[in-house]
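A.B. asks: everything below, folded, please.
(one chain, ligands or ions: 1)
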Amino acid sequence: MLMALVLLGYVNSGCASQAGPHQHKTMTARLDKIAAPLLAKDIDIANTPIFLKQDDRANASTDGQVVYITTGLMRRVSDLALTLIIAHELGHISLGHYWSESPPNQLEQEADRYGLFLLARAGLDYRSAVLLSTSAQSPHKSGMAPFTDEAKRAAYFRTIIAEIETLTVREISLIP
Ligand SMILES: [Zn+2]
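C.D. replies: As a prediction, the model looks like this:
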């Protein structure tokens, strides 16, 4: 089972252009650079491989050990949006979701929370990342998105932001 996340309501453009070897290398370098700040040495996911997958559809997934980001996703999102997507998948890994029997919505919320904490820990602009992930949505649904209600997801993100802000003010370390 691959836990797939399509947090972007992107409809596939249908563009079938394949990345050549050079493009692939450039995308891999970009992916490594984006993921690096998330893989903090002191947490269990520090050595998680982040692989680029040749696929024109926009998707991110994990098999519980590796994060897969498609070339189609790389083309469609900004670096900051991609950071949150990767952090979300790392959450699925760290929290052992691959083997969990909890309801999918619960797992998605837990991964969102973990992901946002990871961004905050890394000193990244987690508030903007949330806006990018929840506002630039296409009205169309992919049919794969676990979150059918984006407004609900945005509201959940706001509660996590408040939680992070409270912990930061109290100088409590951000452990997802
Ligand atoms: Zn997910």
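
A.B. asks: contacts, neighbours, all on C-alpha from now
C.D. replies: Will do.

A.B. asks: in the chain, which residue is most central in space?
C.D. replies: Ile85 (1.3 Å; CA atoms, centre = their mean).

A.B. asks: now the end-to-end length of stretch 118-133.
C.D. replies: The first and last residues of stretch 118-133 sit 15 Å apart, counting by CA to CA, to the nearest Å.

A.B. asks: run the chain-centre distance for that stretch.
C.D. replies: Remark: stretch 118-133 is offset 11 Å from the chain centroid, using CA atoms, centre = their mean, to the nearest Å.

A.B. asks: also stretch 161-175?
C.D. replies: 21 Å.

A.B. asks: please point out which parts of it sit buried.
C.D. replies: The neighbour-count check on stretch 161-175 (16 or more other CA atoms under 10 Å) flags 161, 164, 174 as buried.

A.B. asks: mind checking which of those residues land in helices?
C.D. replies: 161, 164 (DSSP state H).

A.B. asks: related to what we said a few turns ago, and the residue nearest to the centre of the chain, what element?
C.D. replies: Per DSSP states H and E, Ile85 falls inside helix 79-94.

A.B. asks: over to Leu52?
C.D. replies: Counting by DSSP H and E, Leu52 is part of strand 50-53.

A.B. asks: who does the helix or strand that comes right after that strand pair up with?
C.D. replies: Moving toward the C-terminus from strand 50-53, the next helix or strand (DSSP H and E) is strand 60-62. According to DSSP bridges, strand 60-62 forms sheet pairs with strand 3-5 (antiparallel), strand 67-70 (antiparallel).

A.B. asks: lowest average pLDDT across these?
C.D. replies: Mean pLDDT is lowest for strand 3-5 among these, at a mean of 52.

A.B. asks: just the buried residues of stretch 161-175 that are near the ion?
C.D. replies: Restricting the buried residues of stretch 161-175 to those touching the ion (CA under 5 Å from the ion) yields no residues.

A.B. asks: next, count neighbours for the residue nearest to Phe51 when sequence neighbours are not counted.
C.D. replies: In space, and not counting its chain neighbours, Phe51 is closest to Tyr68: 4.9 Å by CA to CA, 6 or more residues apart in numbering. The local packing of Tyr68 (other CA atoms under 10 Å) involves 21 other residues.

A.B. asks: correct me, but Tyr68 touches Gln54?
C.D. replies: No. Between Tyr68 and Gln54 there is no contact, the gap being 9.8 Å when judged by CA atoms under 8 Å.

A.B. asks: now do Phe51, the pLDDT please.
C.D. replies: Confidence at Phe51, expressed as pLDDT, is 96.
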